[in-house]
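S.K.: For reference, the sequence and a predicted model appear below.
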Amino acid sequence: MGDVVITGMGAVTPIGIGVPYFWKSLIDGVCGVAPITRFDVSKLPVQFAACVKDFEPEQYMPKKLTREMDLFMQYGYAAAEEALTDAGLNPENTEERKVPAERIGIVVGTAYAGLATIAKTQEELSTGAHSKVSPRFVPKIIGNIAAAQIAIAKGFRGPSLTVTTACSSGADAISTGIMLIKSGEADVVLCVGAEAAISELNILGLTAAHALSTRNDDPTTASRPFDAERDGFVMGEGGGCIVIETEEHAKARNAHIHASIIGWANSTDGYHVTSPHPDGIGAVYCMEKSLQKAGIRPSDVDYINTHGTSTPKGDVIETKAIHTLFKEHASKLAISSTKGSTGHMMGAGGVIETIACVKAVQEDIVPPTLNLKTSDPECDLDYVPNVARKQKVDVAMSNAFGFGGQNSSIVVRKYC
């Protein structure tokens with residue numbers, strides 16, 4: 001069937017809306033972490049996050065939809081709108097699309113779906129602020145409606161699936177989309193990651209699990225992957241979308257090809273509900289399987305966009321897993337975590353970080369790991385600290401891991 005290729009990309013992130021703005025901010029070292037202003041945080045133990053800024057939903061969708069969709073759906077929809085335009089699949093122009101509606105599928109990855117709306121609605125009922133629930137409530141909170149709203153608006157009638165595998169959800173949406181292409185179930189798939197779970201409830205829950213950074217006095221440096229003084233991750237949010245199809249199909253409709261996806265894999269640790277396996281065995285297996293599918297050796301990889309969340313245990317375990325698989329080549333790899341810039345976008349992260357890998361192979365630039373200032377002896381690889389690096393990048397890997405021992409790896413290659 002040939003390679004699966006990426007023909008469209010869209011991004012809604014804490015450091016910029018639109019792929020060009022996201023990428024420029026990323027390589028310029030912009031940090032999207034700031035104090036939360038969306039709701040009162042004065043009594044919360046963590047008072048900052050990487051929120052999307054200056055998002056005006058009416059710019060990307062009809063006003064009616066803004067009332068019907070949770071914020072995570074709006075982020076995913078806006079990213080899909082950009083990706084469809086980029087891919088030349090705008091359904092408003094039938095001459096442009098050239099793909100039957102039945103052959104266009106959608107896979108959405110989200111970890112929390114409408115959690116923030118659920119929490120807010122319950123609080124309003126509990127405090128007596130409201131005594132009724134909106135008829136839009138259920139369609140706004142369930143995960144699959146994100147894909148449904150895109151399909152309804154665009155008239156797509158192919159497979160529509162929703163993946164929820166914690167913080168690997170976005171990357172697993174890509175893997176699932178590839179499987180739909182490879183199995184012949186669709187000719188084109190929109191792979192979407194979307195998240196908007198920054199809420200009082202989630203902050204309290206993740207703080208209780210000792211997962212979040214508590215640097216309220218210095219939020220812009222709180223997300224510091226692989227740094228010796230890291231103390232937890234910073235919540236982020238946003239949406240990402242990539243459009244995938246086979247190379248043959250893309251060429252037949254004269255689509256612009258951004259990059260090839262040559263490898264993908266998923267695995268589970270089978271170890272613990274929140275902690276990764278201490279030896280990173282699931283991550284090693286996942287990365288190895290993705291390289292096997294790609295038909296390449298570990299030494300062929302130039303860059304890894306790590307999961308790298310800035311947690312004390314997780315960063316060490318991922319470093320150990322890279323050493324285990326890549327052996328002597330590990331020290332030659334350029335490695336970074338873009339979560340120093342975007343925070344941990346959770347279900348959206350896997351798609352956004354894959355887009356970062358695509359841009360890296362397109363432009364031969366490795367984005368930096370922000371806030372990496374103090375060396376950790378257990379994190380001893382080349383993490384491209386603080387400043388982007390110009391270097392040759394032909395093959396890049398994106399890792400996304402999640403609670404429950406979820407592991408996902410995507411491998412992209414420069415398209416020539």
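M.R.: Sure, I can see it.

S.K.: Now do Ser341: how many residues are near it, please.
M.R.: 30 (other C-beta atoms under 10 Å). For the C-beta atoms, the positions are set from N, CA and C on the backbone; glycine is no exception.

S.K.: Then Ile152?
M.R.: Per other C-beta under 10 Å, the neighbour tally for Ile152 reads 11.

S.K.: Gln59 and Met69: what is the separation?
M.R.: 14 Å (C-beta to C-beta, to the nearest Å).

S.K.: who's more crowded, these two?
M.R.: The neighbour comparison of Gln59 against Met69 (other C-beta under 10 Å) goes to Met69, with 23 against 10.

S.K.: any weak-confidence spans in the stretch 101-250 of the chain?
M.R.: Within the stretch 101-250 of the chain, not a single segment meets pLDDT under 70.

S.K.: just the helices in it please.
M.R.: 115-127, 137-141, 144-154, 169-182, 200-208, 247-252 (DSSP state H, counting those that start in this stretch).

S.K.: tell me the mean pLDDT for the next helix or strand after the last one?
M.R.: Going back to what we said before, that points to helix 247-252. Remark: after helix 247-252, the chain's next helix or strand is strand 259-268, criterion DSSP states H and E. Averaging pLDDT along strand 259-268 yields 98.

S.K.: following strand 259-268, which helix or strand comes up?
M.R.: That would be, after strand 259-268 and using DSSP H and E, helix 281-294.

S.K.: next one: that following helix to chain centre, how far?
M.R.: With C-alpha atoms, centre = their mean, to the nearest Å as the basis, helix 281-294 stands 19 Å off its chain's centre.

S.K.: So what touches the helix or strand that it is followed by?
M.R.: Counting by DSSP H and E, the element after helix 281-294 in chain order, helix or strand, is strand 303-305. Identification of contacts with strand 303-305 by C-beta atoms under 8 Å, 6 or more residues apart in numbering yields 322, 333-338, 353-354, 356-357, 360-361, 366-367, 393, 395-399.

S.K.: hmm, 7 Å instead?
M.R.: Residues from elsewhere that reach strand 303-305, judged by C-beta atoms under 7 Å, 6 or more residues apart in numbering: 322, 333-336, 338, 353, 356-357, 360, 366, 393, 396-399.

S.K.: residues contacting Asp302?
M.R.: Ala334, Lys392, Val393, Asp394, Val395, Ala396.

S.K.: again, but for Pro298
M.R.: Leu291, Leu325, Phe326, His329.

S.K.: Give me the distance between Ile150 and Pro159.
M.R.: Distance from Ile150 to Pro159, by C-beta to C-beta: 13 Å.

S.K.: Please say which of the two ends up with more neighbours.
M.R.: The neighbour comparison of Ile150 against Pro159 (other C-beta under 10 Å) goes to Ile150, with 24 against 20.

S.K.: now that one, nearest residue through space, not along the chain?
M.R.: Using C-beta to C-beta, 6 or more residues apart in numbering and skipping the chain neighbours, the partner closest in space to Ile150 is Ala80 (5.2 Å).

S.K.: hang on, isn't the one you found packed against Val192?
M.R.: Yes - using C-beta atoms under 7 Å, Ala80 is in contact with Val192, at 5.7 Å.

S.K.: shared neighbours, the two?
M.R.: Cys241.

S.K.: Please determine how far Val301 is located from Ser336.
M.R.: 13 Å.

S.K.: all strands for the stretch 301-416 of the chain, in order.
M.R.: Assigned by DSSP state E, counting those that start in this stretch, the stretch 301-416 of the chain shows strands spanning 303-305, 334-336, 365-366, 389-390, 395-402, 406-414.

S.K.: so what does the second one touch, helix or strand wise?
M.R.: Counting contacts by 3 or more C-beta pairs under 7 Å, 6 or more residues apart in numbering; DSSP states H and E, strand 334-336 packs against strand 303-305.

S.K.: Ok, the last one next?
M.R.: For strand 406-414, the contact count by 3+ C-beta pairs under 7 Å, 6+ apart identifies helix 169-182, strand 259-268, helix 281-294, helix 349-363, strand 395-402 as packing neighbours.

S.K.: Report the contact partners of the residue nearest the centre of the chain.
M.R.: Residue closest to the mean C-alpha point of the chain, counted by C-alpha atoms, centre = their mean, is Gly349 at 1.9 Å. The contact partners of Gly349, taken as C-beta under 7 Å, 6+ apart, are Cys167, Gly170, Gly193, Ala400.

S.K.: Cool, thanks, signing off.
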